[in-house]
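Asker: Here is a sequence together with a model predicted from it:
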Amino acid sequence: MRRPMPLGPQLLALQALIVLSCVVLAGFAAVSLQQRQIRQAYGDQMMAVARNAATLPDVVEAYEQPGGPGDDLQDLATLLQQASKVSFVVFLDRDGIRLSHPDPELIGSPSTTSAAEVLRGEEFLGTQTGTLGPSLRAKVPVRDASDRILGAVSVGIVESELDDDFTEDVPWLAAWLGGAAVLGSAGSYLLTRLVRRRIMGLEPDEIARLLQAREAMLHGIREGVLAVDERGRVVLVNDEACRLLDLDGTDGALSGRSAADVLDPAALELLEADDDAVDAPLLVGERVLLASRTPALVHGRRVGRVLTVRDRTELSGAVRELDGQRSLTTTLRAQAHEFSNQLHVLQGLLELGRTADAVALIDRLGGGGRLLSGAGLGGVEDASVSALLMAKAALARERGAELVVSPVTRVPEGAGDDVVTVLGNLVGNALDAAGQGGRVLVDVRALGPDGRWVVTVDDDGPGVPEALREQVFRVGVTTKAGGDGRHGQGIGLALVARVAARRGGSAAVTRSEMGGARFEVVLGGGTVRPSSSSELAGAGA
């Protein structure tokens, strides 16, 4: 296949053609204008000479002589012709007969061009062909003092002299046009080099292939990518970023818009921060993301910022579930080992015949093997909630804390992921707040068949200061010791609040009767009668 002409020569040839075309057209226009101006100038000159000649007193006296003008008009015509530098000055009588002429032999002969209109009192300016050839001439009637027409005067210059005058200006005009063409071509060459440098020497087909590859890679990767320029306008966003960041639109629709108009406040704050970020937790809606922010550099100069995000929601849920299963397995293994040791002790006491001591040992061990205090999981039918509470109970026991489930807790099958999300975050925070030797009370109830729930968690920890009770549900706000809202802290309660808001419910924190904090979350709307801590304590008191 024949390779297309490179972009550089194409641009240079096209621009040179444009410049030359413009120069040629401008040259024709300039030549036409110059020629018109020369003819107009000479026409004005001819008319002025003719009018002056027609009004000279000597001319009028010569016409009024009783015996005719004689040679006086010929002498006056010769003098006017030399003084005005015209080709001829011809006087005519009322019958159109020449009274003067550059060729004396033609004096007395009729004019070869019509003068009837002039002899009727009109003036004429135009090109006519006479005995001297084509000429630009002006004709004016000669009048006496009473305005009676005595004859006419014709003043002209042959066309050859006009052409000679015009050709004298052509070299200068050609030189200017040639200079303009050279300057235009030089400018075209410099512009071509500039364009080539701006596009890094790439050809159009190479640019097209790069663009296609960019679009394929950008929209095919599993991470979200969003880039903004230094003025905060979106210049690039892929499909995954639109999905993860809940952006309404596509790359083409979002490009050029301000990032402040399209991004979630938390994402915008992370994007506009000065320092770099790697795998920083980001909560957008109810989706937990890992976000990284890096500067966009071109030749060492920052031209914008790039935000990459990936979904951590499913990964976080799987990791939490795996951690819970591991904790539960470890606890059960430890309890099995402990129970085996206790059986050995019991067997030894029985072999020694110390029945009373064996009975006392059994009494002491009667309630030690339960993971959950209170009524246990009798009212929890949903497998996900049951597994979650078992895992949290194992975690509490490892920390030396106690997890109590209200005897009135009722969780039928199919509670849903929202209940698990809310319960997991609230119980985890409550265990952190209660610490070693602390106590956590849990109550979960379905309000009715329409899918409404209320989740209440009490603890005996330090509680939440009243000034922070509204702010604690915001992203990045935490009451944990040493917490700064980064590295994943300050997200759990914000996620709980967003789940509740989506379900048309609410999330609130108050002071618990146990001395710590009470978190009460309503899912699905409706109002809830606040339950007391003593009711939650129930069987675990």
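Answerer: Arrived safely.

Asker: going forward, measure contacts between C-alpha atoms and count neighbours the same way
Answerer: Noted.

Asker: can you pull out the helices in the stretch 201-350 of the chain?
Answerer: 204-220, 239-244, 251-254, 259-262, 265-272, 313-351 (DSSP state H, counting those that start in this stretch).

Asker: Near residue 104, how many other residues are there?
Answerer: If you count neighbours by other CA atoms under 10 Å, residue 104 ends up with 11.

Asker: Now it: phi and psi?
Answerer: With angles defined as degrees, to the nearest 10, residue 104 sits at phi -60, psi -30.

Asker: So that it lines up with my notes, have the first residue be 13 from now on.
Answerer: New numbering, starting at 13: the last item is residue 116.

Asker: Which pLDDT value goes with it?
Answerer: Looking at residue 116, its pLDDT reads 85.

Asker: And for the one 3 residues further on?
Answerer: pLDDT for residue 119: 85.

Asker: now do residue 320
Answerer: Confidence at residue 320, expressed as pLDDT, is 86.

Asker: do you know how far it is from residue 222?
Answerer: Distance, residue 320 to residue 222, using CA to CA, to the nearest Å: 21 Å.

Asker: can you check residue 25 too?
Answerer: Going from residue 25 to residue 222 by CA to CA gives 26 Å.

Asker: The two: who's more crowded?
Answerer: Higher neighbour count among residue 25 and residue 222: residue 25, with 16 against 13, using other CA under 10 Å.

Asker: give me the element the more buried one is part of.
Answerer: helix 19-67 (DSSP states H and E).

Asker: I'd like the average pLDDT over the next helix or strand after that helix.
Answerer: Using DSSP H and E, the next helix or strand after helix 19-67 towards the C-terminus is helix 69-76. Here helix 69-76 scores 84 as its mean pLDDT.

Asker: From the contact counts, what lies against helix 69-76?
Answerer: Secondary-structure packing of helix 69-76 (3 or more CA pairs under 8 Å, 6 or more residues apart in numbering; DSSP states H and E): helix 84-96.

Asker: chain center to the helix it packs on: distance?
Answerer: 81 Å (CA atoms, centre = their mean, to the nearest Å).

Asker: And stretch 465-473, by the same measure?
Answerer: In terms of CA atoms, centre = their mean, the centre of stretch 465-473 is found 47 Å from the chain centre.

Asker: pLDDT on it, on average?
Answerer: 91.

Asker: quick one: contacts of that stretch?
Answerer: Residues from elsewhere that reach stretch 465-473, judged by CA atoms under 8 Å, 6 or more residues apart in numbering: 431, 434-435, 438-439, 442-443, 445-447, 450-459, 524, 526-536, 540, 545.

Asker: Tell me how far the residue nearest to residue 241 when sequence neighbours are not counted lies from residue 532.
Answerer: Of all residues not flanking residue 241 in the chain, residue 316 sits nearest, at 4.0 Å (CA to CA, 6 or more residues apart in numbering). To residue 532, residue 316 is 44 Å away according to CA to CA.

Asker: what does residue 464 give?
Answerer: Distance, residue 464 to residue 532, by CA to CA: 13 Å.

Asker: which of those two has more neighbours?
Answerer: Taking other CA under 10 Å, residue 464 and residue 532 do not tie; residue 532 has more neighbours (21 against 18).

Asker: which stretches of the stretch 213-362 of the chain have low pLDDT?
Answerer: Applying pLDDT under 70 to the stretch 213-362 of the chain flags the ranges 213-220, 223-232, 261-264, 298, 325-340, 342-351.

Asker: What is the neighbour count of residue 246?
Answerer: Around residue 246 sit 25 other residues, with neighbours defined as other CA under 10 Å.

Asker: Who does it form a beta bridge with?
Answerer: On DSSP bridges, the residues paired with residue 246 through beta bridges are residue 240.

Asker: Just to check, it is in contact with residue 265?
Answerer: No. Using CA atoms under 8 Å as the test, residue 246 is too far from residue 265 to be in contact (10.1 Å).
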